[in-house]
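Trainee: model the following, please.
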Amino acid sequence: MEEDKVVCPRCEGSGLCIECNGKGFIPCPDCKDNPTTSCKKCSGTGKISCEPKCEVCDGKGFISYSNNHSNENIQELRKEVVIIPIIPAKPVATFTILILCVLYTVFSGAVFGKVNILYFLGLFFPPYVIHGEWWRFITSMFLHGNWIHLLCNMYFLYAVGITIERLLGTKKYLILYFISGIMGSIASMIAMPETFSVGASGALFGVFASYFALNRRFHCFPPSMMKNLYFWLGINIVIGLMGSNINLWAHVGGFLGGYLFIYFFPQPDKSQFKR
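Mentor: Next up is the predicted model:
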């Protein structure tokens, strides 16, 4: 199969990150020309580390297409691809959520095959919520049933969370995460009103859905990347349908919550995006 190559719309063929021009760092936006040791972003160095290679083409300077597009189609694809500027900040929220999930689940005793009082205080159970224990919407996102459940979700969080947090910024990312998790619990409550549930899956599927919503609005990811995401979405749907202990409704609710939040939530004007 022939492979067509399109000049990367992000770096325009240079293969270098346009934020740092391949230097590997950018000036701290807070310190600017007066670095101070009290700066939380750069710790007084005046610089923030940056990936020197273009994040879209991985330093190649071009994007490959293997579908034998005509020249006209390739030009249209080049025009459509719009890249949202990466916010130069560490994914603090993603790693904080990961650590809290591990600690909370370990303290609950679930990873050791035990179920103690903390487990009962945190899980999501619709009758408890209806009787006023609304905080279970939040606590259940950080609890997991066993160590396999925990490891799978934390790997998923690491895989999908970092990029989205850097695209949206920490505040919007946290709003996305918790709205998705709550929507997942609401869907679970409606569909399975007598079922216990724990896990970050609803929130994670909302973060996952944000890739599709962002690409729908701004065409901001290469087609090859979106193909992989659709593949993994299909795999997760199959696993959800086959697994008896998987709360598929929480996944569906979280996905819809995350997608709708990103699709309708105000974003920077498209004219500000860098091609």
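Trainee: mean confidence score for the one helix or strand residue 207 maps to?
Mentor: Take DSSP states H and E as the rule and residue 207 turns out to sit in helix 201-218. Helix 201-218 comes out with an average pLDDT of 90.
Trainee: give me the helices and strands touching it, please.
Mentor: helix 147-168, helix 170-191, helix 223-242, helix 248-264 (3 or more CB pairs under 8 Å, 6 or more residues apart in numbering; DSSP states H and E). Yep, even glycine has a C-beta here, placed from its N, CA and C like the rest.
Trainee: pLDDT score for the spatially most central residue of the chain?
Mentor: When CA atoms, centre = their mean is applied to the chain, the residue found nearest the centroid is residue 161 (3.2 Å). Here, the pLDDT recorded for residue 161 equals 92.
Trainee: so who does it touch?
Mentor: Taking CB atoms under 8 Å, 6 or more residues apart in numbering, we find residue 161 in contact with 91, 93-94, 97, 173, 204, 207.
Trainee: just those now: which is nearest residue 15?
Mentor: Nearest to residue 15 among these is residue 91, at 24.3 Å by CB to CB.
Trainee: separation between that closest one and residue 22?
Mentor: Here the criterion is CB to CB, to the nearest Å. By it, residue 91 lies 23 Å from residue 22.
Trainee: check residue 174 too.
Mentor: 32 Å.
Trainee: give the contact list for residue 176.
Mentor: Neighbour list for residue 176: 164, 168, 206-207, 210, 258, 261-262 [criterion: CB under 8 Å, 6+ apart].
Trainee: of those, which is the most crowded?
Mentor: Neighbour counts for those, by other CB atoms under 10 Å, peak at residue 206, which reaches 32 neighbours.
Trainee: can you classify residue 26 by secondary structure?
Mentor: Classification of residue 26 by DSSP: H, G, I helix; E, B strand; the rest coil places it in strand.
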